[in-house]
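Novice: only geometry, no sequence info:
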């Protein structure tokens, strides 16, 4: 509670011999005007500390509401030493900053490399941030990328959409240890033909499982790609920067999965046809719903210009 005590003379401040001056107070205390003077008006503005807000309530705020905040303590847990993070709402970055052609309200997760924190068990913003299989990954400061070594160390990333609804996912990444079938980004209901969408391979393939199309683009260099699923408009996208060509391949899967995974087929990361890969990731986003080709193509080009263009 803020407590301000202002000691004023009992004199009538309308007396012309009384020197009246304003007082602005930012700390609790007792303030006495000098003899023969008085304070008027007295303006009190004592900071009361950071607002505490739950992560779910913070995520539910609009961009304008977040940016109108000052210091906010986002509480993620009710126990332990580290219970959340302290942020300045005025510096909040919209979820669709790097995919500006998407509706911000549809972005389930946006994770870019400078948001990574090795003390956190998740990466990114949104209602469904990137979670980890295995331990928390490392960060490669020389490449400004999050290191997900699913093949070497069993560490992969994934977004849990909490259902098998339509989606669009974007990635800026490269493979560092990857086989012909090594997974890049995947969303599979099961390891069966027509049960999801995926980009895989040291030469990037677009597939719905057992329906593979080569893009001719190497995954050993950083690239921008996307996958989307809907009952009528599933497709994979890869930007071929060497030839300034955006490759789109339509597929017709019957199903998709709940988890959008990086570096592995699904969240089990083991068993037949798992094919994990080591990947470095600069950006990963998942959007609710299958976006139009125009939106996806414009977002891919923006991601290339933001992360890879020299």
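Specialist: Received the coordinates, thanks. From a predicted model like this one, the values you see are computed outputs, not experimental measurements.

Novice: Quick one: mean pLDDT over stretch 247-257.
Specialist: Mean pLDDT, computed over stretch 247-257, is 97.

Novice: And for it, what's in contact with it?
Specialist: The list of residues contacting stretch 247-257 from outside it, by CB atoms under 8 Å, 6 or more residues apart in numbering, reads 164, 166-167, 187-190, 194-197, 206-209, 211, 213, 215, 217, 229, 233-240, 266, 293, 297. Every C-beta, even on glycine, is put in place using the N, C-alpha and C of the backbone.

Novice: Restricted to helices, list those.
Specialist: When DSSP state H is applied, these are split such that 293, 297 fall in helices.

Novice: Are any of the contacts of stretch 247-257 buried, and if so which?
Specialist: Among the contacts of stretch 247-257, those buried by neighbour count (16 or more other CB atoms under 10 Å) are 166-167, 187-189, 195-197, 206-209, 215, 217, 229, 234-240, 266, 297.

Novice: quick one, strands of the stretch 101-250 of the chain?
Specialist: Remark: strands assigned in the stretch 101-250 of the chain by DSSP state E, counting those that start in this stretch are 107-112, 122-123, 130-133, 138-140, 145-149, 156-160, 167-177, 183-188, 196-200, 203-207, 212-218, 223-229, 234-240, 245-251.

Novice: Throw these into CSV and include distance to residue 29, thanks.
Specialist: Below are those laid out as CSV (distance: least, CB to CB, whole Å):
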stretch, distance to residue 29
strand 107-112, 45
strand 122-123, 43
strand 130-133, 47
strand 138-140, 46
strand 145-149, 48
strand 156-160, 51
strand 167-177, 53
strand 183-188, 58
strand 196-200, 63
strand 203-207, 66
strand 212-218, 66
strand 223-229, 57
strand 234-240, 61
strand 245-251, 64
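
Novice: Quick one, which of the ones you listed gets closest to residue 32.
Specialist: strand 122-123 (52.7 Å; CB to CB).

Novice: pLDDT of the closest one, averaged?
Specialist: 96.

Novice: That strand pairs with which strands?
Specialist: Strand 122-123 has the following strand partners under DSSP bridges: strand 130-133 (antiparallel).

Novice: quick one: the nearest residue to residue 263 once chain neighbours are set aside from residue 159, how far?
Specialist: Leaving aside its sequence neighbours, residue 263 sits nearest to residue 150 (CB to CB, 6 or more residues apart in numbering; 3.5 Å). Distance, residue 150 to residue 159, using CB to CB, to the nearest Å: 15 Å.

Novice: All set, thanks.
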